[in-house]
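1. what's the 3D shape of this:
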Amino acid sequence: MPIPIAFIICTEPGRLEGQSLMLAESIRNFCGELKNTPIYSFHPRVGEPISKQTQQAFEALQVIHQQVPINREFHEYYLANKPLVCAYAEQNIDAEILVFLDSDKCLFSEPNEFLLPVNCNVRIRPEYGQGIGSTGLRDPQEWYWQKLYEVLGVKREVFVETPIGNKKIRAYWNSGLVAVRKSAGIFTAWKENFEKVMRMNITPPQGIYFVEQSVLSVTLCSLEENISHFSSAYSYPLPLHNRLSKESRLKAWDDIVSIHYFNLFFYKDWNAQMKSLKSFNRSSDKYQWLCEGVVRYKMPRTSVMHRYMLTVRKIEQKLSVFKLNIQVSNWIEKIANL
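-> As a prediction, this is how the structure comes out:
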């Protein structure tokens, strides 16, 4: 008999170790009836294993960790880990529902929406902002999506609304939290399409980043699946709280089911960033648990200047689409000695 549900994460040496441990700990502490759900952790590239300390902590949390070299062809592109691991899990884990979780997440309540209804094979949430997405025919990024549609055989146009700005864009979903019914074969289709697109060297205007996420989105369109969206309490984009539309913004920590914190805790000003969340009640014990976990797993390790550099580089990438080659970031990096 297959188990009803299993969680899948990726863990490689370095910062992902602390993130995966905090995620697993949050599941075991706060997920109610689903707190004992099996957690499968994969290290999909050749190289040094995760630390003995992390392995022992995983054992204590009953996390099943394996180093399986399934990302060989795209070894330099770490985001390739996601479709490759998900497909491997789909083919090797005997569970009715598989839930992939990025490691930069924590769960704070029982995630009942992970339990897909009978007529639903996939639940996901729209990407938070437009990013590399396209608003349609007049968008400068449209050519990329049209190429993916052509290569992957999309016949029906689907649009979603972003929680930042309520912008209508071509179906573009966030790949950091995906629940699928194993029997639908969605993860395997994602992997096969990802490999096809990578081998054809089809990339967004800004470069290779997010190829795996856009390919997942187009794969779901090509399969013509009945897509269900998680509610706003799931994978809540904490650092983007102040930018979310009124309808998508939560008001209290206890309203959250899970958070997506990106690089928030990577920087030494993380506490100030948390306190800058507008009209948001942080009095919950769960908030305190998170803050203690960030310190316990020694996550903050980078100066704030690094974050500013990433912002400058994003602006440079956007300008490059319009043939404006402005390289301020290299100069700042040299002066700041980053």
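2. and Tyr77, what does it touch?
-> Shown in contact with Tyr77 (CB atoms under 8 Å, 6 or more residues apart in numbering): 198, 208, 211. C-betas here are computed from N, CA, C, even on glycine.
3. most surrounded residue in these?
-> Val211 (23 neighbours; other CB atoms under 10 Å).
4. and it, how far is that from Pro239?
-> Using CB to CB, to the nearest Å, Val211 is found at 23 Å from Pro239.
5. ok, now Gly185?
-> In this view, Gly185 and Pro239 are 34 Å apart by CB to CB.
6. who has more neighbours, the two?
-> Neighbours were counted for Gly185 and for Pro239 using other CB under 10 Å; Pro239 has more, 19 against 16.
7. what about that one, which SS state?
-> helix (DSSP: H, G, I helix; E, B strand; the rest coil).
8. please name the nearest non-neighbouring residue to it.
-> In this structure, Pro239 finds its nearest non-sequential neighbour in Leu264, 4.8 Å apart by CB to CB, 6 or more residues apart in numbering.
9. now do the same contact list for that neighbour.
-> The contact partners of Leu264, taken as CB under 8 Å, 6+ apart, are 238-239, 270, 273-274.
10. check the gap between it and Thr188 for me.
-> 33 Å.
11. compute the number of surrounding residues for Glu33.
-> 10.
12. pretty sure it belongs to a helix, no?
-> Yes. Secondary structure of Glu33 (three-state DSSP): part of a helix.
13. excluding chain neighbours, what is closest to it?
-> Glu33's closest residue in space is Glu110 (CB to CB, 6+ apart), at 5.9 Å.
14. ok, Tyr40 - contacts?
-> 6-9, 63-66, 89, 93.
15. swap the cut-off to 7 Å and go again
-> 6-8, 64, 89, 93 (CB atoms under 7 Å, 6 or more residues apart in numbering).
16. check Val68 too.
-> Taking CB under 7 Å, 6+ apart, we find Val68 in contact with 42, 44, 88.
17. repeat that for Gly133.
-> By CB under 7 Å, 6+ apart, the residues touching Gly133 are 127, 141, 169-170, 172.
18. between these, which sits nearest Trp289?
-> Glu127 (28.2 Å; CB to CB).
19. hmm, that closest one is touching Thr162, no?
-> Yes. Counting by CB atoms under 7 Å, Glu127 touches Thr162, with 6.5 Å between them.
20. okay, those two: which has more neighbours?
-> A count of neighbours by other CB under 10 Å puts Glu127 above the other of Glu127 and Thr162, at 25 against 20.
21. what pLDDT is listed against that one?
-> With respect to pLDDT, Glu127 scores 98.
22. list the buried residues for stretch 27-37?
-> 27-28, 30-31, 34, 37 (16 or more other CB atoms under 10 Å).
23. before we move on, the earlier item: local confidence estimate at the residue nearest to Pro239?
-> 95.
24. try Gln206
-> 84.
25. that one is in contact with Ile132, isn't it?
-> Yes. With contacts counted by CB under 7 Å, Gln206 reaches Ile132, the gap being 6.2 Å.
26. before we move on, the earlier item: shouldn't the residue nearest to Glu33 be within a strand?
-> No. Under the criterion used here (three-state DSSP), Glu110 is coil, not part of a strand.
27. how much space between it and Phe30?
-> Distance from Glu110 to Phe30, by CB to CB: 8 Å.
28. any of the contacts of Leu264 buried? List them.
-> Among the contacts of Leu264, those classed as buried by 16+ other CB under 10 Å are 238-239, 270, 273-274.
29. could you measure from the most centrally placed residue in the chain over to Ala60?
-> By CA atoms, centre = their mean, the chain has its centre lying nearest to Gly176, at 2.2 Å. To Ala60, Gly176 is 25 Å away according to CB to CB.
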